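Visitor: need the 3D shape of this:
(2 chains)
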Amino acid sequence: MNDERRIQRTVGIFVFVGVLVACSLILHFGKVGDRFRGGYPITVEFANAGGLVRGAQVLFAGVPVGKVGSIRLHENGAGVEVEVDLFDRTGIRDDARFLIKQSGFLGDKHIVVLPVSSTAPLLKGGERLRGTDPFDFTDAAAQAGEAIRKLNTAVDKFSDAMLDAKTLTDLKSGIRSFSELGGKLQGGADRLNVILARVQKGEGTFGKLLNDPELHDELKRLIHNWRVHGLLYREKGDERYPDPKKPAPGMRPP
Amino acid sequence: MDRAVLALPSPLSYRARRMERFFQRFGAGTLRFVDYLGSVGMLAAESFRALVTMRPRWRETAFQTWNIGVRSLPVVLLTGAFIGMVFSAQSYFQFHKVRMDTSTGPAVSIALSRELAPIITSLMIAGRVGAAMAAEIGTMRVTEQIDALRSMAVLPIEYLVVPRMVAIAFSLPLLTAMSIAIGIFSGYVVGVEVLNIDGAYFLHNMYIYTEDKDIYTGLIKVFIFAFLVVFISCREGLHCEGGAEGVGRATTEAVVNSSIAILITNFFVTMLLSKIIPP
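Guide: Residues are numbered from 1 along each chain as shown, chains lettered A, B, ... in the order given. From the prediction side, this is the model:
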């Protein structure tokens, strides 16, 4: 092989290897493989995209299932439409919740899909969903601050209107009277407890009356006689209370 | 007495003469710089015109590709590998302080793709090839071989510059791609095998955060630098005067001017590309 031929061959190998390396780098870091992976797009609406960027990951139970395609403002200005390119056979159901979360030291944003049920129909391409808006510490702090401010205002108004010197004196005397009344009631209740205990034991007139079984039987017979003699209401034909003027069945008149 | 006093230069006129000399030098330097830019620009224009209008010299171009590309391969791979290794180690030392060891991967790949490999490769080529071009053409110039070419109805630019221009414009991006690849590989070896970074996350983070536009940016830059090196070096050779001493001076100026031009142009190209291909 002459020199010229050798140079040509070496140059050919150099160019081939160089182009191969350059193309490999571009194809690898260009994630070209991802572009040829089958998938379907869906649109998720958020009130706030929260710093999400195109190409951010979509994780389902921690597994990458897609990427953020495009982010655009909603036509009516009500929020943001995020196009999510989901890979095939991801098995996400249409009641799943889509949230924007952040990860890593630098707070990179990504979308997290949370499954809700295992029976809802699977998501199809082109569907629109409403995403769960990210928790915003700034908004929450602002709302908490507003609530605290309102509470302070209400407390101040209550304090100004109700807690003047006269009201406080009246309130104190009222509480004192209420306390005394409570003490008296407590004393009454204690005495009542003692009486009830004695009644339960059958002590005293009332206790003996309540605990006497003979008196109970006599009272029962008295009520029975009143019904028999018509002093108390009785049902017609009620055999428990026979009419004393009628002869009993089977008996001949004298 | 009065005449002697009048003959002495006043402080004001002395200062004025110094200012005059300063502006004369500054103006002459500016004019030389503008002339220099003009001669490089004219050479570039004539080279592109010759490239379009004349039949390409494939054999000469292949020889120059071998000379510029293949013969520069060892030095480019060696520098690329060690740049990748040292950058991996330095990045690790800083990231380790905040327990972000696995961020070394993307730092190495992005820095190599966007800046380090293009600049180091271009400077290596300017030093090795630019100097050789200036010396070769300069020697032909002082030995009147270029005049001989003209006498044989061969346009020197078409014969000497165009094959070199095509060869370097083609070779430098390929050399840079190889430098990026070897730099990433050596950075991985140092990071994972020597510094005990988790290899899976090193590669995963590199894959996630490095994009194809990082590679494009580096390759577009070196494509521009290739023209700077070839036109500046060939210009020095074609304007060489004064025998062997002139050839030495032309060689030195070719390397120095090419290197300065690469570093200055790098900043402006980076700013321009950041608008066209946002990082």
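
Visitor: in the stretch 51-200 of chain B, which residue sits closest to chain A?
Guide: Residue nearest to chain A within the stretch 51-200 of chain B (C-beta to the nearest C-beta): B:Leu174, separated by 2.8 Å. From N, CA and C alone the C-beta is placed, and that goes for glycine too.

Visitor: what residues are up against that residue?
Guide: A:Phe14, A:Val15, A:Gly18, A:Val19, A:Val21, A:Ala22, B:Gly69 (C-beta atoms under 8 Å, 6 or more residues apart in numbering or on different chains).

Visitor: from chain B, how far out is the closest residue to A:Leu209 other than its chain neighbours?
Guide: Nearest residue to A:Leu209, sequence neighbours excluded (C-beta to C-beta, 6 or more residues apart in numbering or on different chains): A:Leu215, at 6.3 Å. For A:Leu215, the distance to chain B equals 91 Å [C-beta to the nearest C-beta, to the nearest Å].

Visitor: okay, now A:Leu215: neighbour count?
Guide: 12 (other C-beta atoms under 10 Å in any protein chain shown).

Visitor: now do the one 4 residues further on
Guide: Summarising burial for A:Leu219: neighbours were counted as other C-beta under 10 Å, giving 11.

Visitor: ditto for the one 4 residues further on
Guide: Other residues near A:Ile223 come to 12 when the count uses other C-beta under 10 Å.

Visitor: that one: which element?
Guide: Assigned by DSSP states H and E, A:Ile223 falls within helix A:213-228.

Visitor: okay, buried residues for that helix please.
Guide: A:Arg227 (16 or more other C-beta atoms under 10 Å in any protein chain shown).

Visitor: and the helices in the chain?
Guide: Going with chain A. Under the criterion DSSP state H, chain A contains helices at A:3-29, A:32-35, A:137-162, A:165-201, A:204-211, A:213-228.

Visitor: actually, chain B is the one I wanted.
Guide: B:2-7, B:11-53, B:58-65, B:73-95, B:104-111, B:117-125, B:131-142, B:145-151, B:156, B:162-188, B:199-209, B:212-238, B:243-276.

Visitor: tell me which of these lies nearest to A:Glu4.
Guide: helix B:58-65 (7.3 Å; C-beta to C-beta).

Visitor: picking up where we left off before, nearest to A:Asp133, of the helices of chain B?
Guide: helix B:199-209 (25.7 Å).

Visitor: so which residues on chain B come close to chain A?
Guide: B:59, B:62-63, B:65-66, B:69-70, B:73, B:98, B:100, B:109, B:113, B:170-171, B:173-175, B:177-178, B:180-181, B:207, B:210-212, B:214-216, B:219 (C-beta under 8 Å from any C-beta of the partner chain).

Visitor: B:Arg17: how many residues sit nearby?
Guide: 11.

Visitor: same question for A:Gly145.
Guide: As a burial measure, A:Gly145 scores 10 neighbours (other C-beta under 10 Å).

Visitor: any idea how far B:Pro118 is from it?
Guide: Using C-beta to C-beta, to the nearest Å, A:Gly145 is found at 52 Å from B:Pro118.

Visitor: now stretch A:130-149: mean pLDDT?
Guide: Throughout stretch A:130-149, pLDDT has a mean value of 79.

Visitor: meant to ask about stretch B:151-164
Guide: Across stretch B:151-164, the average pLDDT comes to 91.

Visitor: now that stretch - C-alpha only, CSV.
Guide: Taking Å, rounded to 0.1, in the frame of the first residue of the first chain, the C-alpha atoms of stretch B:151-164 are listed here in CSV:
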residue,chain,number,x,y,z
SER,B,151,4.1,31.6,-12.7
MET,B,152,2.6,28.1,-13.3
ALA,B,153,-0.9,29.8,-13.2
VAL,B,154,-1.8,28.2,-9.9
LEU,B,155,-3.5,30.5,-7.5
PRO,B,156,-1.7,30.2,-4.2
ILE,B,157,-4.9,30.6,-2.1
GLU,B,158,-6.7,27.9,-4.1
TYR,B,159,-3.7,25.6,-3.7
LEU,B,160,-2.5,26.4,-0.2
VAL,B,161,-5.3,27.8,1.8
VAL,B,162,-8.5,26.2,0.5
PRO,B,163,-7.5,22.6,1.2
ARG,B,164,-6.3,23.6,4.7
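
Visitor: can I have the buried ones of the contacts of B:Leu174 as a ChimeraX selection?
Guide: Buried residues among those (16+ other C-beta under 10 Å), as a ChimeraX selection:
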select /A:14,15,18,21,22 /B:69
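
Visitor: tabulate the contacts of B:Leu174 (a markdown table), appending distance to B:Gly105.
Guide: Below are the contacts of B:Leu174 laid out as a markdown table (distance: C-beta to C-beta, whole Å):
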| residue | distance to B:Gly105 |
| --- | --- |
| A:Phe14 | 28 |
| A:Val15 | 29 |
| A:Gly18 | 24 |
| A:Val19 | 25 |
| A:Val21 | 19 |
| A:Ala22 | 20 |
| B:Gly69 | 29 |
